[in-house]
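>>> Give me the fold of what follows.
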Amino acid sequence: METLNKTSLAEQTRKGACLAFFSAYQDMDTARMIQLATPDATVHFLPMGEDGKGTFWEFGRGVWQLLMDCFPDLDNTVDRLTTEGDTITAQVAIFGTQTQDFLGITNKGLRFNSDHVFVFQFDGDDRITALTIDWDHAGFCRQLGS
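Numbering: from 1, shown residues only. As a prediction, the model looks like this:
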């Protein structure tokens, strides 16, 4: 019973960390987002290939800040969180209206709404050690008129 309780507590704590990440994302607070991760945590934005890999604290923060600058009404809705061991998978809708050019996508003032999958990995202290993010990039580009 004690093992089950420790597992349940870790799962709930990690799910809480994921929700805190998305709450900070909604508040456009990149400092709060990155504080949930270890200093050596990594991030991989899958549709960007090898160019989408980097450190959570620097590369991730830079991409998220650019998104927030180019989509000032950026928001998200967490649809589902699932757990498997030290990994939490979040299915999330991300949406916003473009007001500036973004990574080669010319600003046409269009809005996107895109389903994303965030896969968080945690250490024993319930801090994010790695995050992988996937979405339909072609669909994202189409919605923005690219």
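
>>> What is the longest helix of the chain by residue count?
Assignment by DSSP state H gives helix 2-26 as the longest helix of the chain.

>>> Now the element after that one, going C-ward?
helix 30-35 (DSSP states H and E).

>>> average pLDDT across that following helix?
Here helix 30-35 scores 97 as its mean pLDDT.

>>> before we move on, what about stretch 73-91?
Per-residue scores along stretch 73-91 average to 96.

>>> buried residues in it?
74, 76, 78, 81, 83, 86, 88, 90 (16 or more other Cβ atoms under 10 Å). C-beta: built from backbone N, CA, C; applies to glycine.

>>> so where's this protein uncertain?
Within the chain, the segments meeting pLDDT under 70 span 1-7.

>>> Next, the buried residues of the longest helix of the chain.
Using 16+ other Cβ under 10 Å as the test for burial, helix 2-26 gives 10-11, 14-15, 17-18, 21-22, 24-25.

>>> One more: stretch 107-124?
Those would be 112, 114-116, 118-122, for stretch 107-124 by 16+ other Cβ under 10 Å.

>>> And for stretch 55-63?
Buried residues in stretch 55-63 (16+ other Cβ under 10 Å): 55-57, 59-61, 63.

>>> which outside residues touch that stretch?
Contact with stretch 55-63 is made by 30, 33-34, 37-43, 45, 53-54, 128, 130-131, as judged by Cβ atoms under 8 Å, 6 or more residues apart in numbering.
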